[in-house]
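1. just need the structure, nothing else, for what follows:
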Amino acid sequence: MKPTPLLACLSSLCLLGAATPALSDEIWVTNEKDDTISVIDIETMEVTRTIPTGERPRGITFSKDFSVVYICASDSDAVQVMDPATGEILHDLPSGEDPEQFVLHPDDRHLYIANEDDAITTVVDTVSRTVVAQIDVGIEPEGMAVSPDGKIAITTSETTNMAHWIDTETQELFANTLVDSRPRHAEFVKGGSELWVSAEIGGTISVFDVATQAEKTKISFEVANMHPDRVQPVGFEFTQGDTHAFVALGPSNHVAVVNAETYEVEDYILVGRRVWHMDFNADRSLLFTTNGVSGDVTVIDVASRKALKSIKVGRFPWGAAFRPTN
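-> Numbering: from 1, shown residues only. Below you'll find the model as predicted:
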């Protein structure tokens, strides 16, 4: 029996669909010694692309619609804007000197950038490609965060040992709070009611009440058979619902799991050497950590809290960012 035109058309569409599998989501990793980005296919857990960047790429984040990716090319004194589909660098933004970390405002337009050498936070309009403010902060600013409502930005300064609170409407400081030595990373959690700040040399995370800027508690870490000087909290990320934090502990080569309600450390996971930053996949069932000295990424199963695989990337992987492709 000869197929009707409709049936033939449907058959062709089915064959086309079967022959064109959906693209897998990705984790993008900056390699600060290679001046590249390694793109990891989450399904196969393999590197599928290596993309050249400016000098010493560190911070990395995508726009809200994932149409562009922003990269802190620290030694090029630029934030580069890249097309993630092609890997083409579209243009540079005027970032100030030595940009290290940044955060994208919820308006999807303004980047808040920590300029380590200049002791300032630079605010850049990504549409007009202009600097709209430069805010004096402490010495060696690094960590950046912005509240979910977009009203507060945070810069941490490594040498001044402070978190600086910025009113994003006036672009001025309204508070400074002390933390332990060498603060690295900051995150707003629990709907923006809490701020967590890691202190690399202090070995702690300080938790602040955002409404009052008062310290609520301090979290410490202790890895078995590891000298305390090597237990250095840096980057961290939260599970769905902000119930637990996974904290990179630097040269201790472990990730800590912290209960975000009790502030107790529940577990430690062995990963690669000098674990620095991390990001989750879409449903936060897998966590990908960047391990600078071993030059790889550890994949952690969040439910079992077990390391599943090590993926070789470039030299000194630093930042990580999730990209959906479907």
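
2. how about the helices in the protein?
-> Counting by DSSP state H, the chain has helices at residues 5-19.

3. pLDDT below threshold where in it?
-> 1-22 (pLDDT under 70).

4. ok, residue 264 - how many residues close by?
-> A count of neighbours around residue 264, defined by other C-beta atoms under 10 Å, yields 10. Where you see a C-beta, it was placed from the backbone N, CA and C, and this is true even at glycine.

5. how about it, nearest residue that isn't a chain neighbour?
-> Leaving aside its chain neighbours, residue 264 sits nearest to residue 258 (7.1 Å; criterion: C-beta to C-beta, 6 or more residues apart in numbering).

6. from residue 233, how far out is that neighbour?
-> Separation of residue 258 from residue 233 (C-beta to C-beta, to the nearest Å): 10 Å.

7. between the two, who's got more neighbours?
-> residue 233 (31 against 23).

8. tell me the contacts of the residue nearest to that one when sequence neighbours are not counted?
-> The shortest distance from residue 233 to any non-neighbouring residue, by C-beta to C-beta, 6+ apart, is to residue 198 (4.2 Å). The contact partners of residue 198, by C-beta atoms under 8 Å, 6 or more residues apart in numbering, come to 143, 183-186, 204-205, 233-236, 247.

9. residue 198 pairs with what?
-> Beta bridges link residue 198 to residue 205 when assigned by DSSP bridges.

10. ok, the contacts of residue 198 vs residue 262, which is closest?
-> residue 205 (13.6 Å; C-beta to C-beta).

11. bridging residues for the residue nearest to residue 314 when sequence neighbours are not counted?
-> Nearest in space to residue 314, with sequence neighbours left out and distances taken as C-beta to C-beta, 6+ apart, is residue 31 at 2.9 Å. Here residue 31 sits in beta bridges with residue 36, residue 317, going by DSSP bridges.

12. any idea how far residue 31 is from residue 273?
-> 15 Å.

13. of those two, which one has the most company?
-> residue 31 (25 against 14).

14. hang on, isn't residue 71 packed against residue 55?
-> No - using C-beta atoms under 8 Å, residue 71 and residue 55 do not qualify as a contacting pair, with a distance of 11.0 Å.

15. with neighbour numbers in mind, choose between the two.
-> Comparing residue 71 with residue 55 by other C-beta under 10 Å, the one with more neighbours is residue 71, at 28 against 12.

16. just give the closest residue to the more buried one, not the sequence neighbours.
-> residue 80 (4.6 Å).

17. quick one: that neighbour from residue 238, how far?
-> For residue 80 relative to residue 238 (C-beta to C-beta), the value is 28 Å.

18. who's more crowded, these two?
-> Using other C-beta under 10 Å, the more surrounded residue of residue 80 and residue 238 is residue 80, with 22 against 18.

19. what pairs with the more buried one across the strands?
-> Residue 80 has these beta-bridge partners by DSSP bridges: residue 71, residue 92.

20. circling back to that earlier point, verify the stated contact: the residue nearest to residue 314 with residue 318.
-> Yes - contact criterion C-beta under 8 Å: residue 31 and residue 318 qualify, at 7.3 Å.

21. between those two, which contacts overlap?
-> residue 57.

22. I'd say the residue nearest to residue 71 and residue 54 touch.
-> Yes - counting by C-beta under 8 Å, residue 80 touches residue 54, with 5.4 Å between them.

23. what residues are shared contacts of the two?
-> With C-beta under 8 Å, 6+ apart, residue 80 and residue 54 have common neighbours 71, 73, 89, 92.
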